[in-house]
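K.L.:
With the input below, show me the fold.
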Amino acid sequence: MKLTPIMDPEALNRFLEADFPQLHTDGKVFDVIAVRAGAITMRLEPNERHLRPGGTISGPTLFALADVGAWCAVLAHIGPVALAVTTNLNINFLRKPEPGPLFCDCRILKLGKRLAVVEASISGEDRTDLVAHATATYSIPPR
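P.N.:
Just a heads-up that it's a prediction; the model follows:
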C-alpha cells in the first residue's frame with residue numbers, strides 16, 4: 001500500500017492550532033515534526049501537568065500522544081477532516097518514560113474509505129527503547 005501525504009508538518013500544526021486549540025490549553029506541547037508516505041512523527045514536550053509521582057510521564061499523557069499522533073497520521077493522508085474520530089485505541093505501556101521529550105512514530109496499517117488503522121510507537125529522547133505501543137482505529141466521515 002503506497003500512501004502519499006497531502007498535508008505537511010506545517011499544515012498539520014496549523015490545523016491543530018485552528019481546529020483543536022484545546023490541545024494547547026497549557027501551552028504548545030504537541031508538534032508534528034515529520035510526514036512521510038504512510039507515516040508521521042510527533043514530538044511531545046511535556047510540562048509539569050504531564051508528570052506523575054515517581055518521576056515519570058503519566059499514562060494519560062502517553063495515551064493522548066498516541067491518539068493525537070495517529071489521528072494526525074490519518075489527516076496527513078486524507079486532509080483536514082476534523083470529524084475523523086477515534087473508535088478504538090489499545091495501548092501497552094512498556095517501560096517508565098523519563099521526564100523529557102517523547103517521540104511518537106505513527107504508521108498507517110490500513111486506510112480505507114470509512115476506517116483507518118494506525119500503529120503508534122512512543123520512545124524517549126534517545127529514540128531507542130519504546131516506552132509505549134498502541135494501535136488505533138479511526139472512523140472517517142463520508143465525503
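
K.L.:
buried ones in stretch 16-33?
P.N.:
Neighbour counts over stretch 16-33 (16 or more other CB atoms under 10 Å) mark L16, V29, F30, D31, V32 as buried. In this view, the C-beta of every residue, glycine as well, is placed from N, C-alpha and C.

K.L.:
my guess is the third one contacts H24, does it?
P.N.:
Yes - the pair formed by F30 and H24 meets the contact definition of CB atoms under 8 Å, at 7.3 Å.

K.L.:
Listing partners with orientation, what would you give for the helix or strand bottoming out on mean pLDDT in the chain?
P.N.:
The helix or strand of the chain with the poorest confidence is strand 51-52; it has a mean of 84 (mean pLDDT, DSSP states H and E). Each strand paired with strand 51-52, and its direction, by DSSP bridges: strand 56-57 (antiparallel).

K.L.:
ok, residues contacting the partner strand?
P.N.:
P46, H50, L51, K96, P97, E98, P99, L102, V131 (CB atoms under 8 Å, 6 or more residues apart in numbering).

K.L.:
mind putting those residues in a markdown table, neighbour count included?
P.N.:
Output for the contacts of strand 56-57, formatted as a markdown table (neighbours: other CB atoms under 10 Å):
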| residue | neighbour count |
| --- | --- |
| P46 | 18 |
| H50 | 21 |
| L51 | 14 |
| K96 | 11 |
| P97 | 27 |
| E98 | 14 |
| P99 | 15 |
| L102 | 25 |
| V131 | 20 |
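
K.L.:
picking up where we left off before, where's the least confident helix or strand of the chain relative to the chain centroid, distance-wise?
P.N.:
19 Å (CA atoms, centre = their mean, to the nearest Å).
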